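In: here is a sequence with its predicted model. Questions after.
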Amino acid sequence: MKEELLQFEKNQVWSLVPYPHGKKVTGTKWIFRNKLAFPNGHFAKLMTNEFDMSMMGELNFFFGLQIKQTAEGIFIHQEKYAKELVKKFGMDCAKPMGTPMHPNIKLDKDEHGRDVDETRYRGMIGSLMYLTSSRPDIIQSVGVYSRFQSKPKESHLSAVKRII
């Protein structure tokens, strides 16, 4: 318990506040006992209901990032998120592309192109932006097509689907 409290102080994740007048404070002895003795108790159920997590073993999943720890090091990836993204936008059967953006593409507003659903387009861009945390190879392409979130056209949507 002392080690955990020292880590809190070292990382400045808490600050000491005055004892609240007229309120009952839960003692650390109770919290520590329940945290260790009942891994499936109050606290664990609350957290696992709210977040996709487990209370035991090494870290495997954190805020949508998958973590793989090996002797060579720690590897972070988003394979599960990427597969869900493909499925979410109905591209399960799409042919994979070698590059996220066609090398000879000309980017413009495409004012004469057919309009597409802005909300869906923005959702695709937002999902891809989150994916860039583990896929630096798509950062440039996603950044380019994020410029067309206002009045996106079919040509822009096709290019975003290529990234996906």
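Out: Received the coordinates, thanks.

In: work out the gap between the longest helix along the chain and the centre of the chain.
Out: When secondary structure is assigned using DSSP state H, the longest helix within the chain turns out to be helix 118-131. For helix 118-131, the distance from its own C-alpha centre to the chain's C-alpha centre is 13 Å (CA atoms, centre = their mean, to the nearest Å).

In: name the helices or strands packed onto it?
Out: Packing contacts for helix 118-131, counted by 3 or more CB pairs under 8 Å, 6 or more residues apart in numbering; DSSP states H and E, involve helix 79-88, helix 139-146, helix 154-163. Glycine gets a C-beta too; all of them are placed from N, C-alpha and C.

In: could I get those as JSON lines with distance to Thr99?
Out: Converted to JSON lines, the helices and strands packed on helix 118-131 look like this (distance: least, CB to CB, whole Å):
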{"stretch": "helix 79-88", "distance to Thr99": "16"}
{"stretch": "helix 139-146", "distance to Thr99": "8"}
{"stretch": "helix 154-163", "distance to Thr99": "8"}
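
In: tell me the secondary structure at the residue located most distally from the centre of the chain.
Out: The outermost residue of the chain, judged by C-alpha distance from the chain's mean C-alpha position using CA atoms, centre = their mean, is Gly22 at 41.0 Å. Of the three states, Gly22 takes coil under DSSP: H, G, I helix; E, B strand; the rest coil.

In: what's the spacing between it and Leu16?
Out: Relative to Leu16, Gly22 is positioned 19 Å away (criterion: CB to CB, to the nearest Å).
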